[in-house]
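Trainee: Okay, structure incoming, though there's no sequence with it:
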DNA sequence: TGCATGGTTGCGTCATGATGCAAGTATATG
DNA sequence: CATATACTTGCATCATGACGCAACCATGCA
C-alpha cells in the first residue's frame, strides 16, 4: 500500500493548473501540442511547458516529438487503472474481515497497532 | 470528471508526512488518538494535530472526541470508493469507442477539441 | 543563410505551506 | 481548587513551488 500511495503521484496532481491541463488532455483524448494545451488555462506558455514536463515525470502523460512540435497525451486507461490500484491497495490492507490483509506487511491488520512508538515509517 | 478530479483531495495527500499518517491509520483500521498516531512519524505533536485536521477537512478521516482524547479513523471503504470514482470518471469521459462520453460535458470526446483558445476552463 | 515558429530554461519574485516551540484550552484526577 | 494529561493554536522561520519575463535552443522554410 505504501507503494500505491505515492506522494509523487499526488504531488503532481495537487496544483489546480496542472490538474486543469491533465483534465483537458483527458477530454481531448488525443495528442495535443503544448500551444494547444496552453489555450486551456490563462497562464504563460512557459508555465504550461513546465507543468506538462512535471506531469510526464510523474507518469501521468506520454510525450512525442514531431519536428519542432511536442505533443502530449493522457493515457486514460492507464491512469484509471492507477487509481483503481490505489483503491485495491486500500481494500487489501484494511478490507472486510481482515481477509485480504497481507501478512508480510508488518503491523497490518485491525487487531494490531502498527504505530508502535519509534516506528517512524520513514 | 472535473468534480472527481478535485485539487483539494490531491492537495491533502501530496505531503509525505500527511500520507504517512493516513497510511498508518488505514493499517490500524481502528480509531486512534493523536498521540498514538504521532508515534508513526518523527514530527512534533502539533504538526500531527494540524495534519490530521487537514485530512479530516478533506474528508479523508473521521473524528470522534472521548473526553480529552481525540480519535481519528480512516474510512477505508469510502476512500477506496473515492479513488474508484475517479477511475470511473476518467473512463466515462475518455472511455473506449467514446461510448461512455457524456454529451453534456461540453467539448468532451476524441473527435472534438475541448481546448479552443479562450476556453480557460476556469 | 536568414528568419519565423514552437518549446524550453534561467532567474527573480511572491505566495503557500511545513515545521517546532511556546503558550493556551479543555478535560480528568487527587 | 491544584495539577497532570491530551490536544490545539499563535507565531516565527524556512523551504518549496508557481508564475512571468526574457533569453535561449531547435526545427522548418524561403
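Mentor: Now that the structure is in, tell me what you want to look at. Keep in mind the model is a prediction, meaning the values are calculated, not measured. Residues are numbered from 1 along each chain as shown, chains lettered A, B, ... in the order given.

Trainee: got any ranges where chain A has weak pLDDT?
Mentor: A:95-122 (pLDDT under 70).

Trainee: Contact residues of it facing DNA strand D?
Mentor: A:11, A:14-18, A:42-44, A:46-47, A:50-51, A:54, A:67-68 (C-beta under 7 Å from any atom of the strand). (Each C-beta comes from the backbone N, C-alpha and C, glycine too.)

Trainee: buried ones in the longest helix belonging to chain A?
Mentor: Ordering each helix of chain A by length in residues (DSSP state H) puts helix A:76-94 first. Neighbour counts over helix A:76-94 (16 or more other C-beta atoms under 10 Å in any protein chain shown) mark A:76, A:79-80, A:82-84, A:86-94 as buried.

Trainee: Any residue of stretch A:85-97 touching chain B?
Mentor: Yes - Stretch A:85-97 comes into contact with chain B (C-beta under 8 Å from any C-beta of the partner chain), by way of A:86-88, A:90-91, A:93-95.

Trainee: which residues of chain A fall in strands?
Mentor: Using DSSP state E, the strands of chain A run over residues A:32-33, A:62-66, A:69-73.

Trainee: Help me confirm that residue A:2 comes into contact with residue B:24.
Mentor: No - with contact defined as C-beta atoms under 8 Å, residue A:2 does not reach residue B:24; the gap is 10.1 Å.

Trainee: Name all residues that make contact with residue A:18.
Mentor: A:12, A:51, A:54-55 (C-beta atoms under 8 Å, 6 or more residues apart in numbering or on different chains).

Trainee: For chain A, what lies in contact range of DNA strand C?
Mentor: Residues of chain A lying near DNA strand C by C-beta under 7 Å from any atom of the strand: A:33-36, A:45-46, A:49-50, A:52-53, A:68-71.

Trainee: from these, which would you call buried?
Mentor: Using 16+ other C-beta under 10 Å, the buried ones in the residues of chain A next to DNA strand C are A:34, A:36, A:49, A:52, A:70-71.
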